[in-house]
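>>> Compute the structure for the input listed below.
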Amino acid sequence: MILNFISRNKCCGCGACVEICPKKALTMEEDEEGFLRPVLNMDFCIDCGGCDNVCPMKSENLVKHEIQASYAAINQNRGILKKSSSGGVFSVIAEYVIKNGGVVYGACFDEKLKLAHRGVEVINDLELLRGSKYLQSYSYECFPKIRQQLRNGKLVYFVGTGCQVAALKLFLRKSYDNLITSDLICHGVPSHKLFDTFVSTYEKLTNREVIYYRCRDKYAGGWSGSQTVDYKTKKGIRRDLFNPVLAGYMKAFMSGDFFRESCFVCPYACEQRSGDITLADYWGIERYHKINSLNGVSAILVNTSKGKEILDKIKSNLSLVETQVDYIKVDNHNLYTSSQRPLYRDNSYKDLKTNPQQVIYQYINPIIR
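From the prediction side, this is the model:
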């Protein structure tokens, strides 16, 4: 059965409850929509309340911070900027952490195109973590390892959605001076079931095997990005641009039709943030600042004294302009409100199960919708 301490619609799938359980009474399993949810074995439960205490949907006020300052930022390394979804700020912080003997945790596709959080300690491996992934990452399995690394005095940088950052902090049950966190201004997350269906559709239509996916690829020009995949050929690896199936996945994401139900009541879609630093795209910056935004600009929200300290240490590697939160909010609606639940959300995953081709084609060819 699904855990009874939180309603189905409010579970964000962070998995902190599973990792904190002293009796291993909880496991994470996919539901009919493809989202991970905790399942309880009552034979092992001792009713200790640990799962309740680490739930980021119930204890959000314990890990939130008021915004202290806001900036527009661009990575001065043009090569890294071209590989980043927006202004490349993540890479600057991550490189600082690794150069100081630390480890960086972020979302990464594995060899089976499953998205999970992974820790890297080599600068070249940051390539695996760069870029937006409009999909829910399985982050909870790294929580115990992060706790041990922090206890050993290792510098750790963790990047995730607001609920994931909050879940980690609640799981740790104490603050660590050697932990740096960045939360993202998040619209919401679809499940792997939707993503996998688009990938399989692409493979069937093109007779290609997909080995990597990029949600926002500047390879095609511009920082709004294009969806691209790498696929195998007899001559090696090729990249596919401007494919309607790939564009269809982004349309499905932007619609919100397949978001997790908790995303529509997200307690982190507000100006009180869970991370030391919040990162986002700075859409519409041209209206407020004279800045070269051709290759992407990041919005930075500094939320803690630790966040300010880190920014002071890396700012020489950034083109940095102080800005106003109200400017950032104009085109980042989830900085003040959750995404609105579309009417089609009632049936989207039911239709995906019964008639996946029809569902996928309505985003590839919106005219039929």
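
>>> And the helices in the stretch 51-200 of the chain?
Per DSSP state H, counting those that start in this stretch, the stretch 51-200 of the chain carries helices over the ranges 78-83, 89-99, 143-151, 162-172, 192-206.

>>> Now render the ones you listed as CSV, adding mean neighbour count.
(Glycine included, C-beta is placed from N, CA and C.) Formatted as CSV, these follow (neighbours: other CB atoms under 10 Å):
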stretch, mean neighbour count
helix 78-83, 16
helix 89-99, 22
helix 143-151, 17
helix 162-172, 26
helix 192-206, 19
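
>>> Format the ones you listed as JSON lines; extra columns: distance to Ile364 and mean pLDDT.
As requested, those are arranged in JSON lines below (distance: least, CB to CB, whole Å; pLDDT from 0 to 100):
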{"stretch": "helix 78-83", "distance to Ile364": "27", "mean pLDDT": "92"}
{"stretch": "helix 89-99", "distance to Ile364": "31", "mean pLDDT": "98"}
{"stretch": "helix 143-151", "distance to Ile364": "38", "mean pLDDT": "98"}
{"stretch": "helix 162-172", "distance to Ile364": "30", "mean pLDDT": "97"}
{"stretch": "helix 192-206", "distance to Ile364": "8", "mean pLDDT": "95"}
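
>>> Throw those into TSV and include distance to Pro267, thanks.
Shown next, in TSV, are these (distance: least, CB to CB, whole Å):
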stretch	distance to Pro267
helix 78-83	32
helix 89-99	24
helix 143-151	20
helix 162-172	8
helix 192-206	24
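
>>> What backbone torsions are found at Asp281?
Dihedral pair for Asp281: phi -70, psi 140, per degrees, to the nearest 10.

>>> And the helices of the stretch 51-200 of the chain: which comes nearest Lys313?
helix 89-99 (6.3 Å; CB to CB).

>>> can you list the weak-confidence ranges in the stretch 1-150 of the chain?
Low-confidence segments of the stretch 1-150 of the chain (pLDDT under 70): 1-8.

>>> mind running it again at 90?
Applying pLDDT under 90 to the stretch 1-150 of the chain flags the ranges 1-10, 59-61, 131-132.

>>> Strands of that one, start to end?
Using DSSP state E, counting those that start in this stretch, the strands of the stretch 1-150 of the chain run over 26-30, 36-40, 65-66, 69-75, 103-109, 115-120.

>>> Report all helices and strands that the fifth one contacts.
In other words, strand 103-109. When contacts are defined as 3 or more CB pairs under 8 Å, 6 or more residues apart in numbering; DSSP states H and E, strand 103-109 packs onto helix 89-99, strand 115-120, strand 156-161.

>>> Hey, what's the angle from the first one to strand 69-75? Just curious.
In other words, helix 89-99. Put simply, helix 89-99 runs at 80 degrees to strand 69-75, going by axes from the mean of the first three to the mean of the last three CA atoms, to 10 degrees.

>>> Please give me every residue in contact with Ser91.
Residues near Ser91 by CB atoms under 8 Å, 6 or more residues apart in numbering: Asn75, Asn77, Ile80, Lys83, Ser84, Leu126, Arg130.

>>> What about the residue nearest to the fourth one when sequence neighbours are not counted, how many residues nearby?
This means Lys83. The shortest distance from Lys83 to any non-neighbouring residue, by CB to CB, 6 or more residues apart in numbering, is to Arg130 (5.6 Å). For Arg130, the tally of surrounding residues (other CB atoms under 10 Å) stands at 19.

>>> give the contact list for Arg130.
With CB under 8 Å, 6+ apart, Arg130 has these contacts: Lys83, Ser84, Ser85, Phe90, Ser91.

>>> Between the residues you listed, which sits nearest Lys174?
Looking across these and measuring by CB to CB, the closest to Lys174 is Phe90, at 25.6 Å.

>>> Distance from stretch 290-302 to the middle of the chain?
19 Å (CA atoms, centre = their mean, to the nearest Å).

>>> Can you spell out which residues form a bridge with the nearest residue to Lys133 once chain neighbours are set aside?
Of all residues not flanking Lys133 in the chain, Ala107 sits nearest, at 4.9 Å (CB to CB, 6+ apart). Ala107 forms beta bridges with His117, as assigned by DSSP bridges.

>>> Is there a neighbour count for Ala107? I'd like the number.
When neighbours are defined as other CB under 10 Å, Ala107 has 23 of them.

>>> doesn't Gly131 make contact with it?
No: Ala107 is beyond contact range of Gly131, at 9.1 Å (criterion: CB atoms under 8 Å).

>>> farthest residue from the center of the protein?
Most distant from the centre of the chain: Asp43, at 34.4 Å, with distances by CA atoms, centre = their mean.

>>> got a list of what Thr354 touches?
Listed by CB under 8 Å, 6+ apart, Thr354 has no contact partners.
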